[in-house]
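[1] coordinates only, sequence not included:
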């Protein structure tokens, strides 16, 4: 499908809003994100709703609808969908308000209480999945995980080296990850993939795990349960105290008394590093290709996460590859004049 021009899209948005009873509301931009989606708040007297603008063919609202319905069927809080238009990529959603974890933590909210609620929501989800039919979602399998890890050599390395890596180095990097991912395998579950503070909300009027509002889950896949835990506790956007990481990891593990803790911790270490390597490449791509340099400010933290994860002996092959091809002096936020010639 050919994307609508801006004026055509504005007209289509206005028509969608009006057709669903919000004709008197002027959409106010709430947020955009690392994708091509945008979100608007609609107000009409005492009513509120959120309009998702997900322009085809770059975006597809189908997975969002599927996962939202699935999460609600598990007793979790995903926004209710009031109306949708798949042709143009619009959804009218329940408005969860403004209390994202990010905003609450910036206001010095109870960090332990918020993370405890998030861990309880995650364990609730992973317990619910085996009792239901397997979700109809793609696999978070080796080829996909390798492609993600490869973003570091595809986008970040050329930025700081001033030229693409030699093919032999790229192949060696992928081979390192191929061996590591074999060691990260666990019985699979539904993985939301973006389970972090920007996508979690506090809903005070709801009891138990339903007080944790879930956002941005349309990219969910069927894969290792350790992934969402490290997404939450090893966050590209904020540092967590070591004591909190340890306590929340233990709370998660206690919810699954039959789990092989050694295998789980090994999987978590590997996927923490995989996710962080992906983020280094992804945030570089967002800056270079999509004109969103604001994500680069997180890269020093993400590199620190990689280095801390790579202390684990199982990740020694990754640490050796990085030391050889992207030494510490090049682990920075890319910018003008920051290639190897300027280092």
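    Now that the structure is in, tell me what you want to look at. Computed from a prediction, not measured in an experiment: that's the story for all the values here.
[2] pull out the buried positions in stretch 222-240.
    For stretch 222-240, the neighbour count (16 or more other Cβ atoms under 10 Å) marks 222-236, 240 as buried. No exception for glycine: its C-beta is placed from N, CA and C like everyone else's.
[3] just the endpoints, please. Distance across it?
    Start-to-end span of stretch 222-240 (Cα to Cα, to the nearest Å) is 27 Å.
[4] just name the shakiest helix or strand of the protein by mean pLDDT.
    The weakest-scoring helix or strand in the chain, judged by mean pLDDT, DSSP states H and E, is strand 28-32 (a mean of 79).
[5] so which of the buried residues of stretch 222-240 are in strands?
    222-223 (DSSP state E).
[6] tell me which of the buried residues of stretch 222-240 is nearest to residue 263?
    residue 226 (9.3 Å; Cβ to Cβ).
[7] for the closest one, give me its contacts.
    Going by Cβ atoms under 8 Å, 6 or more residues apart in numbering, residue 226 touches 184, 186, 264, 267-268, 271.
[8] top of the residues you listed by neighbour count?
    Neighbour counts for the contacts of residue 226 (other Cβ atoms under 10 Å) peak at residue 271, which has 29 neighbours.
[9] secondary structure element for that one?
    In the assignment (DSSP states H and E), residue 271 maps to helix 261-288.
[10] packing partners for that helix?
    Secondary-structure packing of helix 261-288 (3 or more Cβ pairs under 8 Å, 6 or more residues apart in numbering; DSSP states H and E): helix 142-149, helix 151, helix 167-183, helix 226-233, helix 242-254, helix 299-309.
[11] got the domain ranges for this protein?
    6-93, 101-342 (automatic domain parsing).
[12] what's the burial count for the closest residue to residue 283 other than its chain neighbours?
    Excluding its sequence neighbours, the residue lying closest to residue 283 (Cβ to Cβ, 6 or more residues apart in numbering) is residue 295, at 3.9 Å. Neighbour count for residue 295, taken as other Cβ under 10 Å: 20.
[13] hmm, back to that, between the helix or strand that comes right after the least confident helix or strand of the chain and strand 28-32, how many degrees?
    Sequence-wise, the next helix or strand downstream of strand 28-32 (DSSP H and E) is strand 38-44. Per axes from the mean of the first three to the mean of the last three Cα atoms, to 10 degrees, the angle that strand 38-44 makes with strand 28-32 is 150 degrees.
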